[in-house]
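Engineer: what's the 3D shape of this:
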Amino acid sequence: MINKLIFTLLFACLLVSGTQAQEKKRIEIEMRNNANDIAVVPIGADGLILFSQVMPGKYNFTKYTTDLQQDWSIDCMVNSSLDLSKYVYRNNALYLLFNRFKSPTYQVVKLNVRAGFAEKYEIHSLNKLEITDFEAMGNNVFISGKTRNEPILLHLSLLSKQTRVLPTSFKGKAEIQSMEVDTTNELIHVAFANWKNRENKMFIKSFTPQGMQAKTVAMDSEADKSLLTGRVSALNESEDLVIGTYGSRGSSYTNYSRGFYTRSVYTGQADYTQGLYISKMQNGAPEFMKYYSFTDFKNFFKFMGERAQERMEKRISKRKQQGKDLKLQYRLLVHDVIQHNGQYIMVAEAYYPEYRSNNYYPGMYGMGGFGYGYGMYGSPYGYGRNMPVFDGWVYTHAVIAGFDMQGNLLWDNSFEINDVKSFNLREKVKVSFDNENILLAYSHNGLLKTKVIRGNDIVEGKGNIKLSNYEGDKVKRSYTDNVDYWYQNNFLAWGLQKISNQKDEQVKGKRSVFYFSKVEF
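Structural biologist: Predicted structure coming up:
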């Protein structure tokens, strides 16, 4: 819950690794209670929107200019029995989706960010839906998810308050990979991965804002190159570009120990990425389809230590001498495709799941305890059992690659990500452009991590920019760290922090704050 604004800091200049960054302004908001539903949304040159739950069933929306001056502020009452699920900003409107897992009731709040008023829509639809994505076009909302492991795509009309389940049936197993808004053709493209026996396809279904199916495109993969993900970008009225990852789909295991033995536990199905593909579609028909293995990239393995990289290169060389490709097992989170200077630029982040052991000794509790008992009194020795418990997604690095208009790989580079683990899998690395230079950035533990590249080359190595406030501030814990490109050469950083200060009398002691900062490069 927000209490009050407490600090505003101006013009703290920083110089790190040759990259001049100015934290032009920082605002801190004192936090006292649960602060899960608080965030900022950059809206380009129009400024930003700060929204927060000030009490159960009540949200506050505040608009700030690019100079972080308050423009307007309004309160909005929502259904207190529902939770905030997703939000998205489209065409001068901020849409928020509220729902509860076992409830068929949904509520959408549509905020007009220029006029400063909110509209509420309560709609009834499917229950027990596990929501994965949320998009909006005007007065129409699309929700993707799954129930009983089946893909579900909902269309909600805010004006008529009616919902429809859109066609998503396939032979075999299918998953919704992405939803992309196509402003050029006023369509929404939904990518489906489909498996039937050992056959793999990617389907792109396109819908009008009213939920009418406009077209379906089927993309076949080669025998040893299963298409795992796909992101669609409209080039013009007749051409679409699809960029994604290919590889294999298989079982995921993690090791755990029991007594003196180590065993592997099945943790579900996982997609293992081998490389990237790029396809250009002309009126729904493929014009070209090109594959690029990460083993052919110049910089994909640069995130590794020197010795580990040498070992990897030797393994790759050995397999290629045998006429084969080294099988990789990476998981990648693929971003939206960016068009810049006549190139298609793709960014993806590599990650893996981490598990911890949940240790207990069932024998200590005898026959009446939980788990297994060994005799009436049990034995606390030798029969310990370690059960794997999911402990978050660990990020390793980001890969960025540029393609020409014919789908030829022009260059690739990488950006190492250190010490980042999150229970919510989301895009961490953001990019901005300065002519031929590309700035990569992510935030972690009160620092903005940056790297500047130009094609295959590194212009400036990894740098750490402290998002400073008062002298003597020490970030004891960062609950969330976020950064996004804002406008021109400015980024917006925000998050929740617990800070300690023993030097400055104005803020001496400990404080818990939600902050947002304007950072200029």
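Engineer: okay, CA-based contacts and neighbour counts for the rest of this
Structural biologist: OK.
Engineer: Might one say that E28 is in contact with V513?
Structural biologist: Yes: contact criterion Cα atoms under 8 Å: E28 and V513 qualify, at 5.9 Å.
Engineer: ranges for the helices of the stretch 251-400 of the chain?
Structural biologist: Here the stretch 251-400 of the chain has its helices, by DSSP state H, counting those that start in this stretch, at 306-321.
Engineer: Go ahead and name everything in contact with stretch 397-409.
Structural biologist: Stretch 397-409 is touched from outside by 278-280, 288-290, 292, 300, 303, 342-351, 410-418, 429, 455, with contacts defined as Cα atoms under 8 Å, 6 or more residues apart in numbering.
Engineer: got the CA coordinates for it in CSV?
Structural biologist: Provided in CSV are the C-alpha atoms of stretch 397-409 (Å, rounded to 0.1, in the frame of the first residue of the first chain):
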residue,chain,number,x,y,z
HIS,A,397,22.7,-14.5,-21.1
ALA,A,398,20.9,-12.8,-24.0
VAL,A,399,21.6,-13.4,-27.6
ILE,A,400,20.9,-10.7,-30.2
ALA,A,401,21.1,-11.2,-34.0
GLY,A,402,20.6,-9.2,-37.1
PHE,A,403,19.2,-10.4,-40.4
ASP,A,404,18.8,-8.8,-43.8
MET,A,405,15.6,-8.6,-45.8
GLN,A,406,16.3,-12.0,-47.4
GLY,A,407,16.7,-13.7,-44.0
ASN,A,408,20.5,-13.9,-44.1
LEU,A,409,22.3,-13.8,-40.8
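Engineer: Check which residues of that stretch are buried.
Structural biologist: 397-403, 407, 409 (16 or more other Cα atoms under 10 Å).
Engineer: do stretch 225-244 as well
Structural biologist: Buried-residue list, stretch 225-244, by 16+ other Cα under 10 Å: 225-235, 239-244.
Engineer: now do stretch 144-164
Structural biologist: For stretch 144-164, the neighbour count (16+ other Cα under 10 Å) marks 144-146, 151-158, 163 as buried.
Engineer: Just name the closest of the residues you listed to W72, please.
Structural biologist: The closest of the buried residues of stretch 144-164 to W72 turns out to be L158 (Cα to Cα; 25.1 Å).
Engineer: Disregarding flanking residues, what is the spatial nearest neighbour of the closest one?
Structural biologist: Among residues not flanking L158 along the chain, N139 sits closest, at 5.3 Å (Cα to Cα, 6 or more residues apart in numbering).
Engineer: where does the one you found land on pLDDT?
Structural biologist: Looking at N139, its pLDDT stands at 95.
Engineer: And Y89, by the same measure?
Structural biologist: pLDDT at Y89 comes out at 96.
Engineer: now that we're looking at it, which residues does it contact?
Structural biologist: 41, 43, 95.
Engineer: same deal with L129?
Structural biologist: L129 touches 101-102, 145-147, counting by Cα under 8 Å, 6+ apart.
Engineer: May I see those arranged in TSV, with distance to Y479, secondary structure and pLDDT as well?
Structural biologist: Shown next, in TSV, are these (distance: Cα to Cα, whole Å; DSSP: H, G, I helix; E, B strand; the rest coil; pLDDT from 0 to 100):
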residue	distance to Y479	secondary structure	pLDDT
F101	25	coil	82
K102	28	coil	78
G145	27	strand	91
K146	29	strand	90
T147	31	strand	88
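Engineer: Let me have the residues you listed in CSV, extended by distance to N60.
Structural biologist: Below are these laid out as CSV (distance: Cα to Cα, whole Å):
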residue, distance to N60
F101, 24
K102, 26
G145, 28
K146, 31
T147, 32
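Engineer: Among these, find me the one that's closest to K451.
Structural biologist: G145 (35.3 Å).
Engineer: that older thread, with respect to V78, which of the buried residues of stretch 144-164 is nearest?
Structural biologist: Proximity of the buried residues of stretch 144-164 to V78 (Cα to Cα) peaks at L158, which lies at 15.7 Å.
Engineer: Help me confirm that the closest one comes into contact with A136.
Structural biologist: No: L158 lies out of contact with A136 (Cα under 8 Å); the separation is 10.2 Å.
Engineer: before we move on, the earlier item: take the buried residues of stretch 144-164 and keep only those in strands.
Structural biologist: 144-146, 151-157, 163 (DSSP state E).
Engineer: Just put these in JSON lines and tack on distance to L48.
Structural biologist: Shown next, in JSON lines, are those (distance: Cα to Cα, whole Å):
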{"residue": "S144", "distance to L48": "27"}
{"residue": "G145", "distance to L48": "29"}
{"residue": "K146", "distance to L48": "32"}
{"residue": "P151", "distance to L48": "34"}
{"residue": "I152", "distance to L48": "32"}
{"residue": "L153", "distance to L48": "30"}
{"residue": "L154", "distance to L48": "29"}
{"residue": "H155", "distance to L48": "28"}
{"residue": "L156", "distance to L48": "27"}
{"residue": "S157", "distance to L48": "27"}
{"residue": "T163", "distance to L48": "31"}
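Engineer: Tell me the one among those nearest to D434.
Structural biologist: Distances from D434 to these, taken by Cα to Cα, are shortest for S144, at 35.6 Å.
Engineer: ok, and the closest non-adjacent residue to that closest one?
Structural biologist: In space, and not counting its chain neighbours, S144 is closest to L153: 4.6 Å by Cα to Cα, 6+ apart.
Engineer: Could you do Y95 as well?
Structural biologist: Counting by Cα to Cα, 6+ apart, the residue nearest Y95 is K110, at 4.6 Å.
Engineer: Check which helix or strand the one you found maps to.
Structural biologist: strand 105-112 (DSSP states H and E).
Engineer: what helices or strands is that strand leaning on?
Structural biologist: strand 93-99, strand 117-124 (3 or more Cα pairs under 8 Å, 6 or more residues apart in numbering; DSSP states H and E).
Engineer: mind showing which ranges of the stretch 401-521 of the chain have poor pLDDT?
Structural biologist: Along the stretch 401-521 of the chain, segments meeting pLDDT under 70 span 468-469.
Engineer: any idea where the strands of it begin and end?
Structural biologist: For the stretch 401-521 of the chain, strands defined by DSSP state E, counting those that start in this stretch occupy the ranges 409-416, 421-422, 430-434, 437-444, 447-454, 457-466, 473-487, 490-501, 509-520.
Engineer: okay, the angle between the first one and strand 437-444?
Structural biologist: Which is strand 409-416. 30 degrees (axes from the mean of the first three to the mean of the last three Cα atoms, to 10 degrees).
Engineer: Neighbouring strands of strand 409-416 in the sheet, and parallel or not?
Structural biologist: Next to strand 409-416 in the sheet, as set by DSSP bridges, lie strand 385-403 (antiparallel).
Engineer: Repeat that for the third one.
Structural biologist: Counting by DSSP bridges, the strands paired with strand 430-434 are strand 437-444 (antiparallel).
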